[in-house]
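K.L.:
Okay, structure incoming, though there's no sequence with it:
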């Protein structure tokens with residue numbers, strides 16, 4: 001048992017630190033949800049058919065409910081035609097189905113109508129994933145507003161997908177990439193924002209929730225700071241949309257990106273929302289079929305937003321199934337239930353994990369700072385060995401740099417690698433108990 005008397009803040013990440021005593025628990029109320037019972041696992045065919053596994057890698061990709069798998073199959077069985085490319089009924093039906101999903105996504109993320117009442121759905125662009133969405137903004141929008149000497153600000157917590165594109169955009173424009181550094185537990189302070197966002201800041205690109213620390217970034221504060229300088233805010237929502245309601249207007253975002261596969265949908269479908277007038281400014285990143293209005297031997301004019309960004313045949317079945325995923329997540333389960341259950345799961349996970357003196361929590365020791373993801377290391381054991389041994393017990397966790405090498409470098413994480421357990425609402429107490437038992441086996445394997 002770890003002594004908790006001297007734990008006074010959430011910046012302590014020493015091995016075993018962070019056990020919260022009863023008095024502290026009373027002041028940090030948590031949802032009393034029955035995580036022993038699980039009304040959701042039966043909805044997920046892989047989980048239902050594999051009771052031997054504890055899937056704790058949902059931050060990398062979510063499992064798919066039957067409703068999503070059935071929707072994808074239904075598209076191919078009932079409306080398999082290329083959207084936008086035919087006047088026959090199958091193609092029209094496919095086109096209308098994709099249009100409904102655009103409108104559904106716009107509603108889920110609170111996208112506003114565009115100028116002159118342009119439907120919000122017109123500002124939903126389909127890509128392959130969050131990475132492509134962010135690349136589209138960096139390659140097509142950034143050159144419209146950046147000049148030599150300007151600054152792009154990002155946090156050191158960024159996934160490489162929201163870091164490398166801005167390195168390249170800064171280099172291309174002769175701009176400077178400025179990093180905002182949080183506390184060791186991921187809190188971005190007002191002082192750091194004020195110090196790093198100034199008159200030369202044209203773009204801030206930030207994650208909404210860190211995929212390593214699980215902490216929520218104060219996006220609204222960043223929006224106010226950059227807009228005060230006449231700049232723009234780009235938000236990577238890959239780790240937020242699965243866990244919480246999102247309102248792009250309330251956030252103050254100018255662009256917002258996420259991936260379908262993180263929100264129970266298929267792999268290969270990404271979403272970019274942008275303010276209509278900004279999307280209008282941008283040239284397409286990819287050219288080819290369907291994204292044109294007209295073509296001559298020597299030139300072309302582009303189709304309107306969003307089609308001008310969607311060259312070639314889209315994953316129509318995947319987009320259709322994404323609609324089913326969002327319906328299941330938002331309407332059938334509901335964000336309130338998602339949040340309460342995931343909070344209870346993380347609370348239980350942290351309460352067990354912090355009892356192990358050989359475990360070092362990376363980030364906050366407090367459960368309520370984590371949106372699904374908890375990163376850690378086991379003293380003296382490489383994360384790859386930890387994950388490999390746990391796999392023998394049917395426990396699925398992530399090990400590596402999590403596409404966040406600058407963050408791990410800044411945190412001083414040994415080997416630039418750590419373990420990560422990430423929960424979703426379809427997990428239960430059994431999964432976490434299996435995880436803890438497997439961790440104990442890892443330790444005993446190396447230490448007798």
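P.N.:
Ah, there it is. Quick caveat: nothing in here was measured; it's all calculated off a predicted structure. Numbering: from 1, shown residues only.
K.L.:
Now stretch 89-103: buried residues?
P.N.:
91, 94, 95, 97, 98, 99, 101, 102, 103 (16 or more other Cβ atoms under 10 Å). C-beta here means a position set from N, CA and C on the backbone, and glycine is covered the same way.
K.L.:
Which is the succeeding secondary structure element to the helix or strand the second one falls within?
P.N.:
It stands for residue 94. Applying DSSP states H and E as the criterion places residue 94 in helix 89-108. If you walk from helix 89-108 toward the C-terminus, the next helix or strand you reach (DSSP H and E) is strand 124-127.
K.L.:
Show me what the helix or strand following that following strand is packed up against.
P.N.:
The element immediately downstream of strand 124-127 (helix or strand, assigned by DSSP H and E) is helix 130-136. Identification of packing neighbours for helix 130-136 by 3 or more Cβ pairs under 8 Å, 6 or more residues apart in numbering; DSSP states H and E yields strand 124-127, strand 232-236, strand 255-259, strand 270-274.
K.L.:
Make a markdown table out of those and add distance to residue 440, mean neighbour count and mean pLDDT.
P.N.:
Formatted as a markdown table, the helices and strands packed on helix 130-136 follow (distance: least, Cβ to Cβ, whole Å; neighbours: other Cβ atoms under 10 Å; pLDDT from 0 to 100):
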| stretch | distance to residue 440 | mean neighbour count | mean pLDDT |
| --- | --- | --- | --- |
| strand 124-127 | 42 | 24 | 98 |
| strand 232-236 | 35 | 26 | 99 |
| strand 255-259 | 34 | 29 | 98 |
| strand 270-274 | 39 | 27 | 98 |
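K.L.:
Out of the ones you listed, which gets nearest to residue 436?
P.N.:
strand 255-259 (29.7 Å; Cβ to Cβ).
K.L.:
Can you add distance to residue 49 and give the helices and strands packed on helix 130-136 back as JSON lines?
P.N.:
Shown next, in JSON lines, are those (distance: least, Cβ to Cβ, whole Å):
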{"stretch": "strand 124-127", "distance to residue 49": "31"}
{"stretch": "strand 232-236", "distance to residue 49": "33"}
{"stretch": "strand 255-259", "distance to residue 49": "25"}
{"stretch": "strand 270-274", "distance to residue 49": "28"}
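K.L.:
burial measure for residue 446, as a count.
P.N.:
14 (other Cβ atoms under 10 Å).
K.L.:
what are the phi and psi angles of it?
P.N.:
Residue 446 adopts backbone torsions of phi -90, psi -20, taken as degrees, to the nearest 10.
K.L.:
I figured it was touching residue 386, is that so?
P.N.:
No - applying Cβ atoms under 8 Å as the test, residue 446 and residue 386 come out as separate, 9.5 Å apart.
K.L.:
looking at the helices and strands packed on helix 130-136, which is closest to residue 35?
P.N.:
Of all these, strand 255-259 comes closest under Cβ to Cβ, at 26.2 Å.
K.L.:
between that closest one and helix 89-108, what angle do the directions make?
P.N.:
Counting by axes from the mean of the first three to the mean of the last three Cα atoms, to 10 degrees, strand 255-259 points 120 degrees away from the direction of helix 89-108.
K.L.:
quick one: low-confidence parts of the protein?
P.N.:
1-30 (pLDDT under 70).
K.L.:
The helices and strands packed on helix 130-136: which one's closest to residue 147?
P.N.:
strand 232-236 (14.0 Å).
K.L.:
Which strands and helices lie in contact with the closest one?
P.N.:
Looks like strand 232-236 contacts helix 130-136, strand 201-207, helix 219-228, helix 248-251, strand 255-259 (3+ Cβ pairs under 8 Å, 6+ apart).
K.L.:
any idea how far residue 435 is from residue 235?
P.N.:
31 Å (Cβ to Cβ, to the nearest Å).
K.L.:
Surely residue 377 is in a strand?
P.N.:
Yes - checked against DSSP: H, G, I helix; E, B strand; the rest coil, residue 377 lies within a strand.
K.L.:
Just give me the neighbour total for residue 70.
P.N.:
Neighbours of residue 70 (other Cβ under 10 Å): 14.
K.L.:
Which residue, other than its chain neighbours, is closest to it?
P.N.:
residue 324 (7.6 Å; Cβ to Cβ, 6 or more residues apart in numbering).
K.L.:
Next one: the one you found relative to residue 42, how far apart?
P.N.:
17 Å.
K.L.:
Look at these two and report which has more neighbours.
P.N.:
Between residue 324 and residue 42, residue 324 has the larger neighbour count (other Cβ under 10 Å), namely 25 against 12.
K.L.:
The more buried one is in contact with residue 68, isn't it?
P.N.:
Yes - the pair residue 324 / residue 68 is scored as a contact, 5.0 Å apart, by Cβ under 8 Å.
K.L.:
Spit out the residues that contact those two alike.
P.N.:
residue 265 (Cβ atoms under 8 Å, 6 or more residues apart in numbering).
K.L.:
Outline the domain layout of this structure.
P.N.:
What automatic domain parsing lists as the domains of the chain is 22-56+334-447, 68-330.
K.L.:
Nearest to residue 62, out of those?
P.N.:
domain 68-330 (4.9 Å).
K.L.:
measure the closest one end to end?
P.N.:
Distance between the boundary residues of domain 68-330 (Cα to Cα, to the nearest Å) amounts to 13 Å.
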